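In: Have a look at this prediction, sequence included:
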Amino acid sequence: MCDIHLCEPDKTVNDDRIEVTHTRRTTRALVVLLTAGLIGFLAACSSSDDDNASSSSSENFTPVSIDHEYGSTKIDTKPTKVVTLITDWTDTLAALNVPITAEFVPQGNKAFEWTPKHDSEVVEVADPSQVSVGELAKYEPDLILAGYVGDKARYDKLAEIAPTIPVLTKGATVDTWEKITTTAGQIFGKQQEAAQLVDTTNKKISDFKSKYPAAAGKTFTFAQVGPTGQVGAINTTEDAAAGLIAQLGFTLNPKVAAQHKEGSTRSLISAERIDLLDSDLLVVYTPGGDPAVAERVPGWSSLPAVKKGTVIFLDDKTQPAFSVPSAPSVGFVIDKLSPLAAKF
């Protein structure tokens, strides 16, 4: 989810009852994740049959146009030098066995346990969403899968290097795992494999809901507590991070949802209104996943989820699975939430 300290506030609401700052920044600035790319093709065989098959695959490629936040990107030839800047694309391509030339990842986050094994050049940078154009150009990409880029000016610069896919949904910071999966299938001619991946993932979600029926309808809050006690929360299931938890049968905390404003998926909540987080389930990202950071916030111990023991703390190694969900990360999220769902 969005790093509170990296978010730029768009609107602040102040009155005697509530102080909430709405932000429209990305899950990436806060989470910044990325894993590895994908299982590369097996070493090319020397037989003429394989060469012909490769040539035929390229010749049979059907140009596609992908609609996104800044318009549409046309891809005329099958991409063979793909660069990813965000983990949901990396995870998905790996799951679909699509080769990745290079993936840019936040420093210290080379790989996540839910990402399928694959080969790719992993480039660690401070913030993949802001990697320099020159650094990207060195890889001579024919497709850049970028996700959130900040603004159209940044997108235009990337598009000068190669066809670029930013966030697909206008106004979003992160796309849903379904949209990423189906779009990847469309781009790389793997519609059938993508559909199967969606079905398999939906089956995992369905199985979770069947196994924990008492969790259905329980309220949840997806929050972040910063090192100085600042609290932020996702205020709409239109955000893919909260959307995934809602898919599992939980209901977004109504008090947090009430803070949603058009174009603002995250809110900063004053310490005086920590009571807004009185949901049945708390999913909380803190520095290092340290519960003590949240426990220092006045009123934290009085929250229902804290009393019941239905709080999960996320760190830099686990948080991306929740905040930038992909088909491969859904199973990981389910595994982490299952012990809490069993308490309802």
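Out: Looks like it arrived, so ask away. Residues are numbered from 1 along each chain as shown.
In: Need the nearest residue in space to residue 60, chain neighbours excluded.
Out: In this structure, residue 60 finds its nearest non-sequential neighbour in residue 189, 7.8 Å apart by CB to CB, 6 or more residues apart in numbering. Yep, even glycine has a C-beta here, placed from its N, CA and C like the rest.
In: and the one you found, how many neighbours?
Out: For residue 189, the neighbour count with other CB atoms under 10 Å is 16.
In: Residue 96 versus that one, what's the distance?
Out: Residue 189 sits at a distance of 10 Å from residue 96 (criterion: CB to CB, to the nearest Å).
In: still on that earlier bit, go ahead and confirm the residue nearest to residue 60 touches residue 62.
Out: Yes. Using CB atoms under 8 Å, residue 189 makes contact with residue 62 at a distance of 7.2 Å.
In: Please parse this protein into its domains.
Out: Domain assignment for the chain by the TED database gives 64-196, 212-342.
In: can you tell which of the ones you listed is closest to residue 204?
Out: domain 212-342 (5.5 Å; CB to CB).
In: Kindly check the end-to-end length of that closest one for me.
Out: 6 Å (CA to CA, to the nearest Å).
In: go on, stretch 78-94?
Out: 17 Å.
In: Repeat that for stretch 233-249.
Out: Criterion CA to CA; first-to-last residue distance in stretch 233-249 is 19 Å.
In: gap between it and the chain center?
Out: 11 Å (CA atoms, centre = their mean, to the nearest Å).
In: got any ranges where the stretch 51-200 of the chain has weak pLDDT?
Out: 51-59 (pLDDT under 70).
In: can you map out the strands along it?
Out: Under the criterion DSSP state E, counting those that start in this stretch, the stretch 51-200 of the chain contains strands at 64-68, 71-75, 82-84, 102-106, 121-125, 143-147, 164-166.
In: would you list those in a markdown table and tack on mean neighbour count and distance to residue 333?
Out: Output for these, formatted as a markdown table (neighbours: other CB atoms under 10 Å; distance: least, CB to CB, whole Å):
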| stretch | mean neighbour count | distance to residue 333 |
| --- | --- | --- |
| strand 64-68 | 15 | 25 |
| strand 71-75 | 14 | 29 |
| strand 82-84 | 30 | 20 |
| strand 102-106 | 24 | 20 |
| strand 121-125 | 16 | 23 |
| strand 143-147 | 26 | 19 |
| strand 164-166 | 27 | 24 |
